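In: After the sequence you'll find the predicted model.
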Amino acid sequence: MIARARAWVTARLGDPLAGARRSRLEAFGAIVQLTRPRALVLVDRDRARTLGLDGGALWSDPRRDGDVDGAPLAAPLEAHLQLTNRCDAGCAGCYTGASAAAGAGEWGLVEWSRALDTLAAAGVFHVALGGGESATLPWLGALARHARAIGLVPNLTTSGLAGLDRLLPIAELFGQINVSLDGLGATYGAVRGFDGFARADAALRALRAVKRDIGINVVVTRANFDELPAIFAHARARRLSEVELLRWKPAGRGAAVYARLRCTDAQHRALLPNVLAAARRHRLRVKLDCSYTPMIAHHDPGPALLAQLAVYGCAGGDHLIGAKPSGAITACSFAAPPPPRGDARPTVLDLPSYWHQPDAFGRFRTWRDAAAEPCRSCAYLTQCRGGCRVVSAHAGDVGAPDPECPRVVDFLRRDVAFGNESGPVRRRLPVV
Amino acid sequence: MTRRGRILATKWGMNPNSSSLGVDVTFLLFGATAVAMATPLIGALIRWRRPAVTPPPSPPDASSES
């Protein structure tokens, strides 16, 4: 019986007694990485000590014990590396403004490998590789192998429209590969501006034939919102491992069509129950990107539960960093690089020194002190951090509350009791 | 007596998305009770695993192809 139970668990999660763990010391305790099941586990100092870890001087302040959010982490959890801005697809809303010609000063294998060394030495756990279309890079496999060799897990997003022949033989090097699929059939064209569904779907099938951890990335728009249940069904039919939903960001070419394609307020409010229902019905894991945290908080699942699940709003310049094709470091992939220091902007290679600068990443790190109402008195501020900075910047003030947060919308309308002053407004998650 | 300490948070999965931080919200289907039940299992898993030994970085071969 026990042997059968262990075989069942091993088939789904990997052998729970096999594998090794990486860890990183933090002022609050430590972060421990599990590879099967895949998880980053944040523990306090006492739990870290039971694992043989000792923070030494890093643990000198007893007030920081267990306080995950009191200050930025010791290093990012993950880095989003835009390896190239070259891509032939020409999507109408590309947030990087990618084109068929590579940008000036793009890094190559040697520079990106040095960047990975820097990230690994800092204690970063995962890297997400993207573009442009990174699958067309002839050295992508060498870079992924290097990441594995130094203890980093490389993950990849691809359009599936190019580079598939190169990607299939190296797919196993990656932890998770997701294919961007913003709609089924004609909806794909309505979002992206061209008919690429058949090619992207063929890439999904080919990748799934050689690897289990394949998923779909969906940029949610008002054009494909109603199709989300069908996209989950499609993912299930393709035997994929997850669906990750991304909010449309007003960046790159996406800024020009933002007003036309961004979701309505009603869609934002309906997102969470709809996707949880679809995930349950089709037995698929669902991920929401950081910019959707206000739409999760709207349903009031409780700040403690979101903290336990490490659900964060804007974690740019803290839990994550981005890097442009030139290596320039950014708070997130949508953010502009920080101003030059001396002759040049800081790159990933400068992370160890730049990370600890008091003004590093500007307004991305000042949410603790600079939050305006209704965020200031919102019970979810620590988790949500004011919502998406990129959307706020597009609306005119990078430090302002996310203007599409349902709580902010209600607050500004002043026609709905907000509830911060008199206790939380309980909107129970629907039973789905 | 050594205190066992707390698991503060668990971030599930790996994020392949290079534009934003994706987080697994599937647990919201089951609520705080499921999270509370999973926490001791996670504690056991991180205790059972051996610490990883990561080799020092070595320079890549610039002529490498995929």
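Out: In hand now; what should we look at?

In: In chain B, where is pLDDT below threshold?
Out: Across chain B, residues meeting the criterion (pLDDT under 70) sit at B:1-2, B:52-66.

In: just the strands in it please.
Out: Using DSSP state E, the strands of chain B run over B:7-12, B:22-24, B:50-51.

In: again, but for chain A
Out: Remark: strands of chain A, listed N- to C-terminal, are A:20-26, A:29-35, A:38-44, A:78-82, A:126-130, A:153-158, A:177-180, A:214-220, A:242-247, A:285-289, A:320-323, A:329-330; assignment by DSSP E.

In: Of those, which is nearest residue A:90?
Out: strand A:177-180 (13.6 Å; C-beta to C-beta). Every C-beta, even on glycine, is put in place using the N, C-alpha and C of the backbone.

In: what lines up beside that closest one in the sheet?
Out: Taking DSSP bridges as the criterion, strand A:177-180 sits next to strand A:153-158 (parallel), strand A:214-220 (parallel) in its sheet.

In: hey, which helix is longest across chain A?
Out: Counting residues, the longest helix in chain A under DSSP state H turns out to be helix A:265-282.

In: That helix - what's its average pLDDT?
Out: Predicted confidence along helix A:265-282 averages 97 (mean pLDDT).

In: circling back to that earlier point, CSV please, covering the strands of chain A and showing mean pLDDT and mean neighbour count.
Out: What follows is the strands of chain A, written out as CSV (pLDDT from 0 to 100; neighbours: other C-beta atoms under 10 Å in any protein chain shown):
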stretch, mean pLDDT, mean neighbour count
strand A:20-26, 86, 20
strand A:29-35, 94, 24
strand A:38-44, 95, 23
strand A:78-82, 97, 27
strand A:126-130, 96, 28
strand A:153-158, 96, 26
strand A:177-180, 97, 28
strand A:214-220, 97, 26
strand A:242-247, 97, 24
strand A:285-289, 96, 24
strand A:320-323, 97, 27
strand A:329-330, 96, 24
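
In: Turn those strands into CSV, including distance to residue A:385.
Out: As requested, the strands of chain A are exported to CSV (distance: least, C-beta to C-beta, whole Å):
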stretch, distance to residue A:385
strand A:20-26, 18
strand A:29-35, 19
strand A:38-44, 17
strand A:78-82, 17
strand A:126-130, 20
strand A:153-158, 23
strand A:177-180, 24
strand A:214-220, 21
strand A:242-247, 15
strand A:285-289, 14
strand A:320-323, 12
strand A:329-330, 17
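
In: so which of those strands comes closest to residue A:187?
Out: Between residue A:187 and those, the shortest gap by C-beta to C-beta is with strand A:214-220, which sits at 10.4 Å.

In: what's next to the closest one, contact-wise?
Out: Contacting residues not belonging to strand A:214-220 are listed as A:93, A:157, A:176-183, A:191, A:204, A:207-208, A:224, A:228, A:231, A:234-235, A:240-248, A:263, A:267, A:271, B:16-17 [C-beta atoms under 8 Å, 6 or more residues apart in numbering or on different chains].

In: how far away is the residue most central in space within chain A from residue B:8?
Out: In chain A, the C-alpha closest to the average C-alpha coordinate belongs to residue A:289, at a distance of 5.3 Å (C-alpha atoms, centre = their mean). In this structure, residue A:289 lies at 22 Å from residue B:8, with C-beta to C-beta, to the nearest Å as the measure.

In: re earlier: looking at the strands of chain A, spot the one closest to residue A:254.
Out: Counting by C-beta to C-beta, residue A:254 lies closest to strand A:214-220 out of the strands of chain A; the figure is 8.6 Å.

In: how big is the angle separating that closest one from strand A:242-247?
Out: On the basis of axes from the mean of the first three to the mean of the last three C-alpha atoms, to 10 degrees, strand A:214-220 is oriented at 20 degrees to strand A:242-247.

In: Could you tell me the angle between strand A:214-220 and strand A:285-289?
Out: Interaxial angle, strand A:214-220 versus strand A:285-289 (the same axes, to 10 degrees): 40 degrees.

In: for strand A:214-220, the distance to its chain's centre please.
Out: Relative to the mean C-alpha coordinate of its chain, strand A:214-220 is positioned 12 Å out (C-alpha atoms, centre = their mean, to the nearest Å).

In: what's the answer for stretch A:352-365, then?
Out: With C-alpha atoms, centre = their mean as the basis, the mean position of stretch A:352-365 lies at 20 Å from the chain mean.
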